[in-house]
Each structure stands twice: as C-alpha cells, then as structure tokens.
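> Model the structure of this input:
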Amino acid sequence: MIMADAMANIIERTNDDLVLRARTQAGALGQLYELYYERIYRFCVHRLFKKEIAEDVTSTIFLEVAKKIRDFSGNTEKDFECWLYAIAANHANSYIRKNSRRMKLLEKAARSTKLTTDEDTNTEWPELYQAILRLKPEHQTIITLRFFENLPYEKIAHVLNTKESTLRVNVHRILNDLRNELKNVFGNEV
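Residues are numbered from 1 along each chain as shown. Next up, the predicted model:
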C-alpha cells in the first residue's frame with residue numbers, strides 16, 4: 001500500500017511538472033494532449049451526440065489550449081484538468097448555442113436507438129438522452145461531467161466556478177427533474 005501511494009505521488013509530481021513544462025515546450029503540451037484527448041472527446045460526444053461534431057469541437061478545444069497555455073496560471077495537473085474541462089464545456093455550449101440545426105441534431109440523436117463512442121458501442125439510452133435534452137444547457141454540462149466523465153464534485157465546482165455545496169444541491173435537483181421526466185416515459189419503474 002505504501003509503495004502504491006509512493007508511485008501515485010511520483011506520477012502526480014511528474015504530471016504536475018509536465019503541466020509546467022507545457023507552457024514553453026511543445027513536446028510536453030503534446031503529452032498532455034495524449035493524456036486528455038480521449039476524455040475530452042468522450043465529453044464532447046456526450047454533450048453533442050455526434051462523433052463528427054465532437055471530433056471538430058475537440059480539435060477546437062485543443063487549439064485554444066495550445067494558444068492559451070502560456071497564460072494558464074495553474075501549477076498542477078488538477079488545475080490543468082479543471083481548466084481544460086472548463087474550456088471544453090464552454091466550446092460545447094457555444095456550439096450548441098450557435099448551431100441553427102441544434103435541435104434537429106440532438107433530437108435525432110436522442111431518438112436513435114444507439115449512441116456510440118469507440119469504447120461504448122452498444123449503449124441504448126434514447127429516453128435518457130431525450131430527458132437530458134430537456135434540461136438547461138448548464139444542467140446538461142453538469143450531468144455530463146458528473147455521470148459520464150465521473151468527475152468529482154470538487155473538480156466540477158472548479159470547472160464551473162461555483163461552490164461545491166451549491167453544485168451538490170443542483171445535482172440533486174437536476175436528478176429529481178430527470179427522474180420525473182423518466183417517470184413520464186416509464187411510469188413508476190424509475
């Protein structure tokens with residue numbers, strides 16, 4: 001157990017160093033890209049429901065990271081991760097707001113019987129996605145970060161620049177709203 005903790009500390013310090021070096025070294029930024037690309041892509045798929053769009057938005061996110069990394073004020077991988085997810089949430093929400101076909105795209109994806117990512121090829125949740133679509137965009141972001149990306153409340157609060165206690169209350173309310181939406185679909189089985 002002590003050995004595992006020591007290894008975790010070494011990895012954490014190495015990744016913290018990687019974040020600091022990424023400000024001036026393209027190779028270090030490339031390593032961060034490799035560490036985080038799949039997570040950010042998966043987040044975008046869950047927010048935008050379409051792989052091609054998620055790929056484009058993910059590329060845009062990492063271009064912004066490359067442009068702004070020198071101004072990044074954090075010193076740890078945790079800081080970087082929160083900053084990266086904040087950029088990703090902003091880009092996903094911006095895409096949704098700006099895209100005139102948003103509702104058609106999301107409704108079509110939600111009605112389809114399958115929503116797939118590379119690692120999750122047969123998930124059949126159309127009713128859940130339709131219920132999520134009826135939430136406010138900010139609430140969609142919270143649900144995606146918490147339950148699809150499995151981020152802890154602390155990180156989500158940092159990403160969204162809110163208090164953790166406020167976030168927990170919001171998640172509780174959002175889940176109640178989703179539960180009620182799904183009861184309309186499934187009856188009292190939920």
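> make it CA atoms for all contacts and neighbour counts henceforth
Fine.
> in this structure, what secondary structure element scores lowest on mean pLDDT?
Least confident helix or strand, the chain: helix 102-111 with a mean of 57, by mean pLDDT, DSSP states H and E.
> Could you report the separation of the nearest residue to residue 149 once chain neighbours are set aside from residue 88?
Setting aside the residues directly before and after it, residue 149 is nearest to residue 43 in space (CA to CA, 6 or more residues apart in numbering), at 6.5 Å. Per CA to CA, to the nearest Å, residue 43 is found 8 Å from residue 88.
> Next: residue 166.
21 Å.
> neighbour count winner among the two?
residue 88 (26 against 11; other CA atoms under 10 Å).
> What helix or strand is the nearest residue to residue 163 once chain neighbours are set aside located in?
Nearest residue to residue 163 in three dimensions, chain neighbours excluded: residue 157, at 5.7 Å (CA to CA, 6+ apart). Here residue 157, judged by DSSP states H and E, is contained in helix 153-160.
> now swap in residue 135 and tell me
Here residue 135 is assigned to no helix or strand, by DSSP H and E.
> So, low pLDDT: which residues of the protein?
1-13, 100-125, 185-190 (pLDDT under 70).
> which residue ranges form the helices in it?
Counting by DSSP state H, the chain has helices at residues 2-22, 26-48, 51-68, 77-98, 102-111, 126-133, 137-143, 153-160, 164-186.
> give the contact list for the most centrally placed residue in the chain.
In the chain, the residue lying closest to the centroid (CA atoms, centre = their mean) is residue 43, at 3.7 Å. Residues counted as contacts of residue 43 (CA atoms under 8 Å, 6 or more residues apart in numbering) are 88, 144-145, 148-149.
> and what of residue 97?
If you count contacts by CA under 8 Å, 6+ apart, residue 97 has none.
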